[in-house]
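> Quick one, what's the 3D model for this:
(2 chains)
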Amino acid sequence: MRVLLRVLAPLLGFAVAVVGVLVVLEVVAAWVRPRAATGLVVPWPDWYVTLGRIAWTDAPVAGVAIGVAVVGLLLVLVGVLARRTDIAVDGPAPEITVTTSPRVLARLVGRRVRSADGVASASVTASRRAVSVAAQAWNDTGSELRDTVRAEVDELLDELPLHRRPRVSVRVQDREGPR
Amino acid sequence: MTASGPTDLQQGDAPALRPTTLRRRARAAIARSAAADRSLAVLVGLLLLVAGTLVALLSYGVFGAGRASRPLLDPMIVDLLRAQPLAARVIAVVAGLLLVVCGLAWAARSLRPERRPDLVLDGGQDTAIVVNATAAAEAVAAQAAALPGVGRARARLVGTEAAPALRVTLWLTDDADTREVLARLDDEVLATARSSLGLTALPAAVRLELDSAPAAPRVA
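Below you'll find the model as predicted:
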């Protein structure tokens, strides 16, 4: 979302500026040559006639308005969702801020979990608040494996100086078939 | 200037900076701020959302059937504008100019590259020594990359000449001890940078990444 915002922001800025230029240009042109029948750049006399004829209840008005509202909603969402998802790590001094990304934490946890005995495969999602592990166990190890995996993840989180310790949830599924 | 350390914050000849100020500067160095772009996007989005919703409601007759059946360009409003032509034109021109200025300022702000402040050292009475931002950052990066547990490192200076800060990205190796790496970064790399650049304080934002290890074999 931050990339999208980086692209959208200057485009929106230019769009606003272009609208402003057109308004100034047309108003000054109409002021200077009051007899002219057409606009300088924009055919606003045609728009003027059309807008005078269409009523609010006519078909395209509501549709266009809903379209505008949807575009507005998307912009709001882009703005709201473009926040940082950094995970804060405690630094050695107050003037040092340390951060890492959820991806890094997920990779660390995943590596640790997969190295545990009895884990066939694992997928991990991590955020500032929570780490969730879904592991697949070889045949009959399912019941104890949950505790083993949780202990491994807890040990890893003890080693990392995370500012806020995320909640850990572990899900273990049995995997049938030969090892 | 003598070697710097955390104690120099209080003892240096420059006015001591409060830890909260340093922490704020370090936090600002994490990444380029998108706060202005975000709030403007939300503001423009809300305007469009509210306008679109109100027009749709008006069109569906929520505000009365009589109002809804009037034309978009209401003769009432046209007459009002015709009665005050000068005021209407001046307001339109001023609003247009405002849009131009705000739009260009917004675009320029979000397109402007981030500053890399050069550091000016005090070299005596008639001498000013300027340390190029890239050179200083590369020196820090090279030192940080040499720390045990760090595979690669990248650094750049951010902020202003008066209040520079350092942004460091460390790619940690598999066997790295994060606490130790950070402590050594502070004690060895940043302390050296502060003392050699003659700064009493150099806030830093450190980003931790994982060095891409060679892919493990899929079949053991």
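
> Go through chain B and flag its longest helix.
Counting by DSSP state H, the longest helix found in chain B is helix B:85-111.

> From the contact counts, what lies against that one?
helix A:2-32, helix B:35-59 (3 or more CB pairs under 8 Å, 6 or more residues apart in numbering or on different chains; DSSP states H and E). Quick note: C-beta positions are derived from backbone N, CA and C, even for glycine.

> mind listing what whatever helix or strand comes next after it pairs with, with the direction of each?
With elements assigned by DSSP states H and E, the helix or strand that comes after helix B:85-111 is strand B:119-122. Note on strand B:119-122: by DSSP bridges, its sheet partners are strand B:128-131 (antiparallel).

> so for the partner strand, what's the average pLDDT?
Taken as a whole, strand B:128-131 carries a mean pLDDT of 82.

> May I see the buried residues of that strand?
Across strand B:128-131, burial judged by 16 or more other CB atoms under 10 Å in any protein chain shown covers B:Val131.

> How about the next helix or strand along the chain from it and chain A, touching?
Sequence order places helix B:133-145 as the next helix or strand after strand B:128-131, per DSSP H and E. No. Legend: contact between helix B:133-145 and chain A by CB under 8 Å from any CB of the partner chain is lacking; minimum distance shown is 12.3 Å.

> For helix B:133-145, buried residues please.
B:133, B:136-137, B:139-141, B:143-145.

> List of residues touching that helix?
Counting by CB atoms under 8 Å, 6 or more residues apart in numbering or on different chains, helix B:133-145 makes contact with B:116-119, B:150-157, B:166, B:168, B:170, B:185, B:188-190, B:192-193, B:197, all of which sit outside it.

> Next step: those residues restricted to helices.
B:192-193, B:197.

> Of those, just the buried ones, PyMOL syntax please.
Buried subset of the ones in helices among the contacts of helix B:133-145, written as a PyMOL selection, criterion 16+ other CB under 10 Å:
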select buried, chain B and resi 193+197
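
> between the ones in helices among the contacts of helix B:133-145, which is nearest A:Ser169?
Nearest to A:Ser169, judged by CB to CB, of those is B:Ala193 at 41.7 Å.

> Spatially, what comes nearest to that closest one if we skip its sequence neighbours?
Spatial nearest neighbour of B:Ala193, chain neighbours left out: B:Val140 (5.2 Å); criterion: CB to CB, 6 or more residues apart in numbering or on different chains.

> rewinding a little: for the longest helix of chain B, list every residue counted as buried.
B:92-93, B:96, B:99-100, B:103-104, B:106-107, B:110.

> can you put these in TSV and add distance to B:Asp177 and pLDDT?
What follows is those, written out as TSV (distance: CB to CB, whole Å; pLDDT from 0 to 100):
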residue	distance to B:Asp177	pLDDT
B:Ala92	66	93
B:Val93	65	94
B:Gly96	61	95
B:Leu99	55	95
B:Val100	56	96
B:Gly103	51	94
B:Leu104	50	95
B:Trp106	45	91
B:Ala107	46	92
B:Ser110	40	88
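
> ok, now which ones touch B:Trp106?
A:9-10, A:12-13, A:16, B:40.

> What is the nearest of those residues to B:Ala87?
Among those, and counting by CB to CB, the member closest to B:Ala87 is A:Val16, at 23.6 Å.

> Pretty sure the closest one sits against B:Ala105.
No. Counting by CB atoms under 8 Å, A:Val16 does not reach B:Ala105; the two are 9.8 Å apart.

> For residue 79, grab the count of nearby residues.
Chain wasn't specified; assuming chain A. 24 (other CB atoms under 10 Å in any protein chain shown).

> wait, chain B
For B:Asp79, using other CB under 10 Å, the count is 9.

> CA atoms of the helix or strand hosting it as PDB?
Assessed by DSSP H and E, B:Asp79 sits inside helix B:75-83. Only the C-alpha atoms of helix B:75-83 are listed here, as PDB (Å, rounded to 0.1, in the frame of the first residue of the first chain):
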ATOM      1  CA  PRO B  75     -31.000  28.500 -12.600                       C
ATOM      2  CA  MET B  76     -31.300  29.900  -9.100                       C
ATOM      3  CA  ILE B  77     -27.500  29.500  -8.700                       C
ATOM      4  CA  VAL B  78     -26.800  30.800 -12.200                       C
ATOM      5  CA  ASP B  79     -28.900  33.900 -11.500                       C
ATOM      6  CA  LEU B  80     -27.000  34.500  -8.200                       C
ATOM      7  CA  LEU B  81     -23.600  34.300 -10.000                       C
ATOM      8  CA  ARG B  82     -24.900  36.600 -12.800                       C
ATOM      9  CA  ALA B  83     -26.000  39.100 -10.200                       C
END
